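Engineer: any chance you can model this:
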Amino acid sequence: MSQGKTFHQPNKRKAPDNSPQADDAVLGGELSPPVSGLVLGGIEGVKQRLGSNAVEQRLTALKDALDYGETGLKLVLESLHDESPQVQFTAYSLLIQQQEPMIQQQLHQKLPWYEFDVVTVDAQGIVSSHYTKKARCLIENLANGVILEMVAIPDGTFLMGSLPTEEGHRKSESPQHKVTVKSFFMGKYPVTQAQWQAVAVLPPINRPLNPHPSRFIGANFPVEQVSWYDAVEFCNRLSQKTGWQYRLPSEAEWEYACRAGTTTPFHFGETINTDLANYYGICSELGYPQGLYGEGLEGISQEETTPVGSFGVANNFGLYDMHGNVSEWCADSWH
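Structural biologist: Residues are numbered from 1 along each chain as shown. This is a model prediction of the structure:
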């Protein structure tokens, strides 16, 4: 049941009617209602709320619009051009899994496809397959040509954790259990130093940010030497700038995004090699990431971070550098 004074019709969702009903509370006057105010019912009520000056009204109306078939979908599509980035983002999220050609065409304009290479390796780390896939990417312009690319991650269920027999297993990874993850967006690459600097100069929310914290310097190198609190502040400033909700992924979301449908220790396969990721791959006596993994062959050590995406291969979701290079913060330690 809705809170406040919002009129709620729980049975209408089962058999939606495009016309107002006799017991609908009809909005009067020309001003937009408050979020808790009375609203018009049916599809006309959805249209009314989508025209509201209140972002909260438009966000709730978007979700209700899907109850009204093709007419409702068209309203969600129109919201891709809403002045509020938060409303646009919500519309993206609702439309990602729709299959109608018209919707796919609209999404391609606002959320374009990009191609990426994926490889798998055998137990020795030798490439056994190489193929191309596509994913959708939302592009955010941060400042002065610095962009942030956010990849649409589909929802799904996966087996989180690892078996005690898996090399490198930790107690915190047991027991394995199924986790269902809703669709979300994740950065195509680790946050770069250029992106960090662009956000670090924005007005602070809770704490200052050092624009140049990294040891290994380069605009396209990943930012490092930042705390969990710094990463949260980065997300908060992004949210304030764009009007969208940026946050750290949960550990479950991160693992789901990293695995991208695979069940092996790495999304590449049973092991990894230094042609695919940046790690210390020259010591056979130490395990990954300080050395080799499984039956993997000895490689090289870069002795420093590398520019994001420089290995040219992604996982099945289109995310780069999910193994090696730098560690990545999550919102929590375990889900």
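Engineer: give me the three-state assignment for the most centrally placed residue in the chain.
Structural biologist: Residue closest to the mean C-alpha point of the chain, counted by C-alpha atoms, centre = their mean, is residue 185 at 1.7 Å. For residue 185, the assignment made with DSSP: H, G, I helix; E, B strand; the rest coil gives strand.
Engineer: next: the one 4 residues further on.
Structural biologist: When the structure is split into helix, strand and coil by three-state DSSP, residue 189 lands in coil.
Engineer: for residue 265, the count of nearby residues, please.
Structural biologist: Other residues within reach of residue 265, judged by other C-beta atoms under 10 Å, total 20. (Each C-beta comes from the backbone N, C-alpha and C, glycine too.)
Engineer: any idea how far residue 323 is from it?
Structural biologist: Going from residue 265 to residue 323 by C-beta to C-beta, to the nearest Å gives 10 Å.
Engineer: what do you get for residue 123?
Structural biologist: Per C-beta to C-beta, residue 123 is found 17 Å from residue 323.
Engineer: more crowded one of these two?
Structural biologist: When residue 123 and residue 323 are compared for neighbours, residue 323 comes out ahead with 20 against 12, by other C-beta under 10 Å.
Engineer: got a list of what the more buried one touches?
Structural biologist: Taking C-beta atoms under 8 Å, 6 or more residues apart in numbering, we find residue 323 in contact with 258, 266, 267, 268, 272, 276, 277, 279.
Engineer: on that earlier part again, the residue nearest to the centre of the chain and residue 151 touch, don't they?
Structural biologist: Yes. Using C-beta atoms under 8 Å, residue 185 is in contact with residue 151, at 6.5 Å.
Engineer: common neighbours of those two, please.
Structural biologist: Residues touching both residue 185 and residue 151 (C-beta under 8 Å, 6+ apart): residue 138.
Engineer: top helix in the protein by residue count?
Structural biologist: helix 228-242 (DSSP state H).
Engineer: confirm residue 199 sits in a helix?
Structural biologist: Yes. According to three-state DSSP, residue 199 belongs to a helix.
Engineer: and it, how many neighbours?
Structural biologist: Neighbours around residue 199, by other C-beta under 10 Å: 24.
Engineer: now it: how far from residue 143?
Structural biologist: The value you get for residue 199 to residue 143, if C-beta to C-beta is used, is 9 Å.
Engineer: again, but for residue 257
Structural biologist: Remark: distance between residue 257 and residue 143 (C-beta to C-beta) = 26 Å.
Engineer: for residue 259, same thing?
Structural biologist: Counting by C-beta to C-beta, the gap from residue 259 to residue 143 is 33 Å.
Engineer: one more: residue 208?
Structural biologist: Residue 208 is 18 Å from residue 143, by C-beta to C-beta.
Engineer: of these two, who's got more company?
Structural biologist: Taking neighbours as other C-beta under 10 Å, residue 208 and residue 143 compare with residue 143 leading, 14 against 9.
Engineer: can you pull the contacts of the more buried one?
Structural biologist: Taking C-beta under 8 Å, 6+ apart as the test, what residue 143 contacts is residue 198.
Engineer: partners of residue 179 in the sheet?
Structural biologist: residue 158 (DSSP bridges).
Engineer: next, count neighbours for it.
Structural biologist: 18.
Engineer: go on, the one 4 residues further on?
Structural biologist: Neighbour count of residue 183, defined by other C-beta under 10 Å: 14.
Engineer: and what of the one 10 residues further on?
Structural biologist: For residue 193, the tally of surrounding residues (other C-beta under 10 Å) stands at 23.
Engineer: make sure it is actually in contact with residue 215.
Structural biologist: No. Between residue 193 and residue 215 there is no contact under C-beta under 8 Å: 10.8 Å.
Engineer: mind listing what's buried along stretch 302-309?
Structural biologist: 302, 305, 306, 307, 308, 309 (16 or more other C-beta atoms under 10 Å).
Engineer: and if you look at stretch 96-115?
Structural biologist: 96, 103, 106, 107, 110, 111.
Engineer: cool, stretch 174-182 as well?
Structural biologist: 179, 181.
Engineer: right, and residue 121 touches residue 274 too?
Structural biologist: No. The pair residue 121 and residue 274 fails to qualify as a contact (C-beta under 8 Å) at a distance of 11.7 Å.
Engineer: wait, what's in contact with the residue lying closest to residue 191 once chain neighbours are set aside?
Structural biologist: Leaving aside its sequence neighbours, residue 191 sits nearest to residue 223 (C-beta to C-beta, 6 or more residues apart in numbering; 5.2 Å). Residues counted as contacts of residue 223 (C-beta under 8 Å, 6+ apart) are 190, 191, 192, 193, 195, 196, 213, 214.
Engineer: just the CA atoms of stretch 47-66, as PDB, please.
Structural biologist: C-alpha atoms of stretch 47-66 as PDB (Å, rounded to 0.1, in the frame of the first residue of the first chain):
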ATOM      1  CA  LYS A  47       1.000  10.400 -18.600                       C
ATOM      2  CA  GLN A  48       0.100  13.000 -16.000                       C
ATOM      3  CA  ARG A  49       2.900  12.000 -13.600                       C
ATOM      4  CA  LEU A  50       5.500  11.800 -16.400                       C
ATOM      5  CA  GLY A  51       4.700  15.400 -17.100                       C
ATOM      6  CA  SER A  52       5.200  16.400 -13.500                       C
ATOM      7  CA  ASN A  53       7.900  18.800 -12.400                       C
ATOM      8  CA  ALA A  54       8.800  16.300  -9.600                       C
ATOM      9  CA  VAL A  55      11.500  13.800 -10.600                       C
ATOM     10  CA  GLU A  56      10.200  11.300  -8.000                       C
ATOM     11  CA  GLN A  57       6.800  11.400  -9.700                       C
ATOM     12  CA  ARG A  58       8.300  10.700 -13.100                       C
ATOM     13  CA  LEU A  59      10.400   7.800 -11.700                       C
ATOM     14  CA  THR A  60       7.400   6.000 -10.200                       C
ATOM     15  CA  ALA A  61       5.400   6.600 -13.300                       C
ATOM     16  CA  LEU A  62       8.000   4.900 -15.500                       C
ATOM     17  CA  LYS A  63       7.700   1.700 -13.600                       C
ATOM     18  CA  ASP A  64       3.900   1.800 -13.800                       C
ATOM     19  CA  ALA A  65       4.000   2.500 -17.500                       C
ATOM     20  CA  LEU A  66       5.200  -1.000 -18.300                       C
END
